[in-house]
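S.K.: Sequence and predicted structure, then a few things I'm wondering about:
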Amino acid sequence: MSKKRFIGNWESIKTHQVPEWYDDCKFGIFIHWGLYSVPAYAPHTWELGEVDSKEWFLDNPYAEWYYNSLNIGKGHTYDHHVEKYGRDFKYEDFAPMWKAENWDPDKWAKLFKKSGAQYVVLTTKHHDGFCLYPSKYTDFNCVKMGPKRDITGELTNAVRAEGIRMGLYYSGLIDWQYANDPIFEDDDLFGTSSPTFEYADYSYKQMMELVDTYEPSVFWNDIGWPKQSEEMMPYFLAHYYNKVEEGVVNDRFNGRFRDFLTKEYKQGKVDRSEKWEMCRGMGLSFGYNENEGDEQIIPEKDLISLLVGTVANNGNLLINVGPKADGTIPKEQEKRLLALGKWLETNGEGIYGTRCSRRESVVMDNDTAVHFTAKGSDLYVFVDGLEEGTKEFDIPNIFGELTPLNKELQTESEKTASGTRLHLKNYRKDMYTLCFKAAGQE
Ligand SMILES: C[C@@H]1N[C@H](CN)[C@@H](O)[C@H](O)[C@@H]1O
């Protein structure tokens, strides 16, 4: 079949279909790495959405917002900066300190492979405006200074060599090299961000050079798109889809278009009728935060539950890693990725390549949950949140044999008036969420 061609108008763009791969893959890894990884500091305060934006920005837990936390001139991060680096030390002064001296992109790619991730999304330019690729339009980039390497290029090659798709994040509306009024609340995000035609032109040209140079499978725009160039959006999207046939974009293009909806932590309206993706840090931050160790980040059990609950409701999970400035991934984050990968080795059949079941998730009275996925006529039943040593568990409205994907698990199924009672002989909590195949029962 000849390749579909798009032209730069909304009528053409709106014929774009979400490619199967994005529905099949279920799990990706976000990477926030940049100058903010040098100070690697934020207070461990709230999860996004827990407090209103006025409180949020004063003690921002996002370590990748270090620049703004200095710009507002108060709060924990500002006080920490003055004490450790001095009042006159500018954010840009971190650039020569970022060496990435221990960075081995192949090692990262192999870890991502072991985690079971099917795609990666790397920050190519976050809000601070520092580019993790040799942009033709600014020298404020990681080849001209700091690591003096094409981080995006090297990681793209390493990730693709492992058969994983590469996506790119770009901060479309905020670039503190073009507009850096301090942001004290959400309204400032959209009211004062990058108000010039100059920036609109700059960002359009950077997004095009990213597409042409790296041909990313995912173009993950953030915050929004400059109003001054909104009418250029269809041209960008047509160019992107013509260049990257299986490319997808998220929903952060001023609400004008999307291939998938996004949730960030618990923020964002999604429903299972449309493809969506949930992103979050392993802790409260995307960028590495020295205040987030093993105790402050999501436990393996909850990360696996998050994946299952997201996939069962038509979502992908994009879990973030925040590497250290030297290029190593914090041990506690690596541990979570390996736990995910080990669980997926056993239970991935009920995750990858599945679609939403016609059955919706059920929360049981003892706080356990039953989630469903489907693959053709086969149903996969996930039992989540069992206590250590649980001996039996009732699954409503499913009748017949339930075969555990975890071959270590010894079970017996007993038909009851309302469904199936599972007798679990040796459930251990390190088995995490259990998955059973109910052949032909979707
Ligand atoms: C994925 C996250 N998106 C938010 C904007 N909603 C950013 O402000 C944050 O730093 C991170 O990149």
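M.R.: Great, that's in hand. Note that the coordinates shown come from a computational prediction; the quantities given were computed from them, not determined experimentally. Numbers count the residues shown, from 1 in each chain.

S.K.: Tell me the secondary structure at the residue nearest to residue 216 when sequence neighbours are not counted.
M.R.: Nearest residue to residue 216 in three dimensions, chain neighbours excluded: residue 168, at 4.2 Å (C-beta to C-beta, 6 or more residues apart in numbering). For every residue, glycine as well, the C-beta is placed using N, CA and C. At residue 168 the chain is in strand, as set by DSSP: H, G, I helix; E, B strand; the rest coil.

S.K.: OK, contacts around residue 168?
M.R.: 121, 122, 124, 152, 210, 214, 216, 218, 219, 220 (C-beta atoms under 8 Å, 6 or more residues apart in numbering).

S.K.: what do you get if the cut-off is 6 Å, keeping everything else the same?
M.R.: By C-beta atoms under 6 Å, 6 or more residues apart in numbering, residue 168 lies in contact with 124, 210, 216.

S.K.: interface residues of the stretch 151-300 of the chain facing the ligand?
M.R.: Proximity of the stretch 151-300 of the chain to the ligand (C-beta under 6 Å from any ligand atom) is limited to residues 222, 223, 264, 279, 286.

S.K.: Can you get me a residue count around the third one?
M.R.: Counted with other C-beta atoms under 10 Å, the neighbours of residue 264 add up to 17.

S.K.: Closest one of the residues of the stretch 151-300 of the chain next to the ligand to residue 430?
M.R.: residue 279 (26.6 Å; C-beta to C-beta).

S.K.: So what does the closest one have for phi and psi?
M.R.: Backbone torsions for residue 279, taken as degrees, to the nearest 10, come to phi -120, psi 150.

S.K.: After the helix or strand bottoming out on mean pLDDT in the chain, which helix or strand is next? Please name it.
M.R.: Least confident helix or strand, the chain: helix 186-191 with a mean of 81, by mean pLDDT, DSSP states H and E. Sequence-wise, the next helix or strand downstream of helix 186-191 (DSSP states H and E) is helix 197-214.

S.K.: what mean pLDDT would you report for that following helix?
M.R.: Helix 197-214 comes out with an average pLDDT of 97.

S.K.: Over to stretch 64-79?
M.R.: 97.

S.K.: tell me the phi and psi of the residue nearest to the spatial centre of the chain?
M.R.: Centroid-nearest residue in the chain: residue 318, 2.8 Å away (criterion: C-alpha atoms, centre = their mean). Per-residue torsions, residue 318: phi -110, psi 90 (degrees, to the nearest 10).

S.K.: Verify the contact between it and residue 279 for me.
M.R.: Yes: contact status for residue 318 versus residue 279: in contact at 4.2 Å, counting by C-beta atoms under 6 Å.

S.K.: shared neighbours of these two, anything?
M.R.: residue 30.

S.K.: Which helix or strand contains residue 78?
M.R.: Secondary structure (DSSP H and E) places residue 78 in helix 76-84.

S.K.: How about that helix and the ligand, touching?
M.R.: No: Helix 76-84 stays clear of the ligand (C-beta under 6 Å from any ligand atom), getting no nearer than 13.7 Å.

S.K.: What is the distance between that helix and the centre of its chain?
M.R.: 29 Å (C-alpha atoms, centre = their mean, to the nearest Å).

S.K.: Which residues belonging to that helix are considered buried?
M.R.: Of the residues in helix 76-84, 76, 77, 78, 80, 81 count as buried by neighbour count, 16 or more other C-beta atoms under 10 Å.

S.K.: Which two among the residues you listed are spaced furthest apart?
M.R.: Largest pairwise distance in those, by C-beta to C-beta, is 9.6 Å, between 76 and 81.

S.K.: Residue 352 and residue 114: what is the separation?
M.R.: 15 Å (C-beta to C-beta, to the nearest Å).

S.K.: which residues of the stretch 1-150 of the chain fall in strands?
M.R.: Listed in chain order, the strands of the stretch 1-150 of the chain (DSSP state E, counting those that start in this stretch) span 27-31, 119-125.

S.K.: Show me which of the ones you listed has the highest average neighbour count.
M.R.: Highest mean neighbour count among the strands of the stretch 1-150 of the chain (mean count of other C-beta atoms under 10 Å): strand 119-125, with a mean of 27.

S.K.: what's the spacing between that strand and its chain's center?
M.R.: Distance, centroid of strand 119-125 to centroid of chain: 9 Å (C-alpha atoms, centre = their mean).

S.K.: Stretch 69-87 now?
M.R.: That offset, for stretch 69-87, works out to 28 Å (C-alpha atoms, centre = their mean).

S.K.: same deal with stretch 388-401?
M.R.: Worked out by C-alpha atoms, centre = their mean, stretch 388-401 lies 33 Å from the chain centre.

S.K.: Tell me the buried residues in that stretch?
M.R.: Neighbour-count burial for stretch 388-401 [16+ other C-beta under 10 Å]: 390, 393, 395, 398.

S.K.: same question, stretch 160-179
M.R.: Going by 16+ other C-beta under 10 Å, stretch 160-179 has these buried residues: 162, 164-178.

S.K.: Show me the helices in the chain, by range?
M.R.: 10-13, 20-25, 53-58, 66-71, 76-84, 105-115, 151-161, 186-191, 197-214, 233-243, 300-311, 331-347 (DSSP state H).

S.K.: quick one: which of those helices is nearest residue 373?
M.R.: Judging these by C-beta to C-beta, what sits closest to residue 373 is helix 300-311, at 6.2 Å.

S.K.: quick check: domain ranges of the chain?
M.R.: Residue ranges for the domains of the chain, per automatic domain parsing: 10-350, 357-438.
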